[in-house]
Each structure stands twice: as C-alpha cells, then as structure tokens.
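Enquirer: build me a model from this:
(chains A and B)
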Amino acid sequence: MENSFDIAVVGGGPAGSMSALNACRDGVSVCLIERKTEFGIPVRCGEGIGKKGLMRYIEPRQEWIKATVKRSVMVSPSGIKVQLANVEESFILDREKMDADLVKMAEKAGTRIFSGTTVLSVKQNTDKTYTMVTTDVSITAKIVIIADGVESKIARCLGWNTKLDLKDLETSAFARVVSPFIDKESCVFYTGSAVAPGGYAWVFPRGNGEANVGLAISGDHSNPGFARKLLDKFIEKEFPAARVYNYHCGGVPVGKWLKPLSNDGVMIVGDAARQVNALSGGGISFSLFAGKLAGSVASKALNNGNVNYAALDEYERTWKKKFGKQQERSYKLKEFLAKNGSDAFLNRIAQSLSKENPEKINYLRVFLKTFAKHPVLLYKAFLLFR
Amino acid sequence: MSLEIDKAVCDQCGTCISVCPLDALELTTELRVDVAKCIVCRNCVKVCPVGALRT
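Expert: The predicted model follows:
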C-alpha cells in the first residue's frame, strides 16, 4: 500500500519532529502529518527555556536563539520587585526557526512529510495496524505517535480521556512588543489577580528592543476574550505607546500527564500527553525529551518485531523515572497556589525576599528563608522545576 | 441556543477543543462545531482567549 508506514507521527511541533527524527533508524519508515502548511507558524509560545533544559536534549543552532538572559525578576501584585541574579541562564528562542529546522532534520533523516493535512479519524485494523483518515490521503501505520498538542484529539479517538478540567487549562494571549521600557537583561514575571488571575504575565526580551509579552490565566477564572483584554491592559500599563504586533493566543495544559502514555501501537508525547510543568506552563524541554525517547523506543520495538503495550511501555517507565516526581510536585504546588496564592500571600513572600541582596538570592537561600515561614516557595518555583 | 464561531476573530489555537467534553469541535483549515454533538456547556466559550465563541 502506498501510504503505509512503520511509524506515523501526528503533529509537527517539537515533540512530533523529535519523535520522527529519532525513529528514523535501522530502515524504519516514518511519516509526519501536520495540519498546518508551514511548520512553526504562528508561534504559540513564550519561547523562554532554561539553557540546560534545552542543551540536554539537543544542540541548538545559533539562529534558534534570539537572546540569552541571565537574570529573572518576579513582580508581586503590589509591585514589589524581587531580582534573582544567580539563576540559571535562559534562552529566548526563535521557535519559528527551531520548529521548521527540526522538521527539516526529520525529513533529511528519512521522514515523509504530509503538511496541510489534518487527521480526521483513526481506527485500529484487525491486523493491529492503525488507519488514519485525513483531509488528504489515508495513512496506515504499525505505530502512531500522537503529538497533536493541547487539543489532543487523536488520543481521544483512541479511548483516552484527554478533556481538561477548566482548572487544568491555562488560556493565554501574547504578542511581540517593541518598547524602550523593556529590560533587556531580565525575564520578568508578574503575578496578581488583577494582572493574570490563576496565572502570570511574562516579558521575555528577544533583542532589538523587542520582547515576547504574554499572560496566561486559569480556565476557571476565564471569561470570553478575557486573556486578550488583560493582555491589552498589561501592555498599555507596562509599555505605554509601544509598537505591538503578532498577536496570538493558545492554551497550555496544566493537568497531570496522561496515563498510560502508550498502548498497543500508540504513544502520546508533548502537550497532547500533558507533559508540561503545571506551575510554570513550560513544556519545550519535556517535549524534546519525550519525543526523543518515544521515537527511539518505537523504532527499537519495530526491530524486535513487537509493538504491543509491553514493548512500548519502556517510554512511560523512563519518562516517569526522569520527570515523574517533578511533575507531581509542580502539580501539587499549582493546586496549592490556586487555593492559597492570594495577592496578600504573594506580597508577603516578595516583601521578605526583597530585603535580601539579589546576588545572594540563590535557590538554597530562598528555599531556607521562605520555606521556614511559608509552606511553599513560590517565586523560585517557576524556575526550579523546568 | 447553539454555539456560534466568529471566524474573523478565531486564531485557530485549539484551546476550546481541550475542554470540550463531547468532541464536538474540529479544527482543520478552520474551526467547526458539530451541532449534533454540542450540548452547549459553554466551556469553550468561557476559555476562548479572544472571545471568538458565543451562544
């Protein structure tokens, strides 16, 4: 059959392209199906990532990195700024370039690309393979790797409950801002119920006087168009008379990761699998890791001639060993803050930290200082677990 | 009462789909609602970051 592959990857974000790239080995045939005609456009992401988190899984090309930022600043609801000087460096990425390049790398490794193609339905055949009906062709594969992002439709077709509770979704709006008021040296995070209820706003400088500015709010605090309205308000306040362009929006899954992550001939990776830090909403490094892992487990299983759950479960076991505790912890912290993270609480922590010399605020110090007084350490927690 | 999509406002981000309990929304080249499946729970209306959905 013409459109028959060993592995079909659904979705061309970092999780999908890393899966395809790492599955292409030992003669395994791989295809990647993407709804959009162009990869990486529009970018639905703040594009910030811890340097180590990225470098651990891929050697980034220079043109993927718009800026390297050494400092982080947390702004409390009442406006107290806490500067964290000794945190890990962050990269501000050019996801448009990175996503497009990752797909090109997968293609070069042998992946057949179907772009501008939406998977409409998927079913398992009697011989255990899967057939997907798309807006274009029919595609059959022995293993399907699902990487279709926050909407996670394909896993739902195959029996997973991927519907998010409103509290486990962050709805967000963001834009590019050009303004002289941008702090070029810092990633700045703003908290507070007036700024972003149940979430936070971010300003990530990307060079040339430009920044990614966005905010995410909890689904249960949302109302129609609220994220965008809050964004407009935030930009007007912090960056008056700025040039603002490239408005987009998106959802961030902040629930627990889907269980199981695989089944007979199926694996789920990235946002589709809810592999996101529930507290910070960060997910790029998890997607890279999960894609890399799922792709290699899948090709190994094919070469061993068995693609059932027992063969593919190595993916979830390894994921869990590496990130299980961290994910559970950030989810618990998110839940705690949803209940207790009042503006007064956040101001109190900021107050006690602002008396510190920023050069001396490191993870351990913040931890010792605030942990004694507060059951969680908020401000650093964004960065701690990414 | 049924769900309406303002296609000029929709950014096709798929956020609405993740909170739909009945798989009534579909995104291909544009967002569509299957009115036969939709129970008008308004989850999607509430979370839409740009307010592209209404009942």
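Enquirer: okay, CA-based contacts and neighbour counts for the rest of this
Expert: Fine.
Enquirer: so what's residue 34 up against?
Expert: All of this is about chain A. Applying CA atoms under 8 Å, 6 or more residues apart in numbering or on different chains, one finds that A:E34 lies in contact with A:10-12, A:113-118.
Enquirer: the intended chain is chain B.
Expert: Going by CA under 8 Å, 6+ apart, B:D34 touches B:24-26.
Enquirer: rewinding a little: out of the contacts of A:E34, which are inside helices?
Expert: Among the contacts of A:E34, DSSP state H puts none in helices.
Enquirer: tell me the one among those nearest to A:G251.
Expert: Nearest to A:G251 among the contacts of A:E34, counting by CA to CA, is A:G11 at 16.0 Å.
Enquirer: that closest one is in contact with A:V150, isn't it?
Expert: No: assessed by CA atoms under 8 Å, A:G11 is found out of contact with A:V150, at 10.9 Å.
Enquirer: which one among the contacts of A:E34 gets closest to A:S299?
Expert: Of the contacts of A:E34, the one sitting nearest to A:S299 (CA to CA) turns out to be A:V10, at 16.0 Å.
Enquirer: who does the closest one form a beta bridge with?
Expert: Beta-bridge pairing for A:V10 (DSSP bridges): A:I33, A:I146.
Enquirer: quick one: it and A:I143 touch, right?
Expert: No: judged on CA under 8 Å, A:V10 makes no contact with A:I143 at a distance of 10.9 Å.
Enquirer: of the two, who's got more company?
Expert: A count of neighbours by other CA atoms under 10 Å in any protein chain shown puts A:V10 above the other of A:V10 and A:I143, at 30 against 27.
Enquirer: from chain B, how far out is the more buried one?
Expert: Per CA to the nearest CA, to the nearest Å, A:V10 is found 13 Å from chain B.
Enquirer: so what's that residue up against?
Expert: For A:V10, the contacting residues are A:16, A:32-34, A:119, A:144-148, by CA under 8 Å, 6+ apart.
Enquirer: now B:V40
Expert: Contacts of B:V40 were listed using CA under 8 Å, 6+ apart, and they are B:1-3, B:55.
Enquirer: run the last query once more with 7 Å
Expert: Contacts of B:V40 were listed using CA atoms under 7 Å, 6 or more residues apart in numbering or on different chains, and they are B:2-3.
Enquirer: and A:K237, that's in a helix?
Expert: Yes: counting by DSSP: H, G, I helix; E, B strand; the rest coil, A:K237 is part of a helix.
Enquirer: burial measure for it, as a count.
Expert: Other residues lying near A:K237 total 10 when counted by other CA under 10 Å.
Enquirer: in chain B, which ranges drop under the pLDDT threshold?
Expert: Nowhere does chain B drop to pLDDT under 70.
Enquirer: where along it do the strands fall?
Expert: Per DSSP state E, chain B carries strands over the ranges B:4-5, B:25-27, B:31-33, B:53-54.
Enquirer: by contact count, what packs against the first one?
Expert: By that I understand strand B:4-5. Other helices and strands packing on strand B:4-5, by 3 or more CA pairs under 7 Å, 6 or more residues apart in numbering or on different chains; DSSP states H and E, are strand B:53-54.
Enquirer: related to what we said a few turns ago, which of the contacts of B:D34 count as buried?
Expert: Buried subset of those (neighbour count, 16 or more other CA atoms under 10 Å in any protein chain shown): B:24-26.
Enquirer: what is A:V82 paired to in the beta sheet?
Expert: Beta bridges link A:V82 to A:M74, judged by DSSP bridges.
Enquirer: show me what contacts it?
Expert: With contact set as CA under 7 Å, 6+ apart, A:V82 has these partners: A:73-75, A:350, A:353-354.
Enquirer: who in chain B is up against chain A?
Expert: Applying CA under 7 Å from any CA of the partner chain, we find that chain B lies next to chain A at B:11, B:13-15, B:17-21, B:28, B:45-51.
Enquirer: and residue 17, what is it in contact with?
Expert: Since no chain was named, I'll use chain A. A:102-103, A:106 are the contacts of A:S17 under CA under 7 Å, 6+ apart.
Enquirer: hmm, no, I was thinking of chain B.
Expert: B:I17 neighbours (CA under 7 Å, 6+ apart): A:151, B:25.
Enquirer: can you check A:S72 too?
Expert: Residues near A:S72 by CA under 7 Å, 6+ apart: A:83-85, A:186-188.
Enquirer: would you mind giving those as TSV with distance to A:N208 added?
Expert: Below are the contacts of A:S72 laid out as TSV (distance: CA to CA, whole Å):
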residue	distance to A:N208
A:Q83	23
A:L84	23
A:A85	22
A:S186	14
A:C187	15
A:V188	17
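Enquirer: in strands only, show me those.
Expert: A:83-84, A:186-188.
Enquirer: and those, which is closest to chain B?
Expert: Distance to chain B across the ones in strands among the contacts of A:S72 (CA to the nearest CA) is lowest for A:V188, with 21.8 Å.
Enquirer: show the pLDDT at that closest one.
Expert: Looking at A:V188, its pLDDT is 95.
Enquirer: which residues of the stretch 51-200 of chain A score low on pLDDT?
Expert: Along the stretch 51-200 of chain A, the model assigns pLDDT under 70 to residues A:85-86.
Enquirer: could you rerun that using 90?
Expert: Low-confidence segments of the stretch 51-200 of chain A (pLDDT under 90): A:52-53, A:71-72, A:74, A:82-89.
Enquirer: next, count neighbours for the closest residue to chain B within it.
Expert: Nearest residue of the stretch 51-200 of chain A to chain B (CA to the nearest CA) works out as A:E151 at 4.4 Å. For A:E151, the count of nearby residues is 29 (other CA under 10 Å).
Enquirer: still on that earlier bit, would TSV of the contacts of A:V10 with distance to A:S222 be doable?
Expert: Putting the contacts of A:V10 into TSV (distance: CA to CA, whole Å) gives the following:
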residue	distance to A:S222
A:G16	30
A:L32	34
A:I33	32
A:E34	29
A:V119	30
A:V144	34
A:I145	32
A:I146	28
A:A147	26
A:D148	24
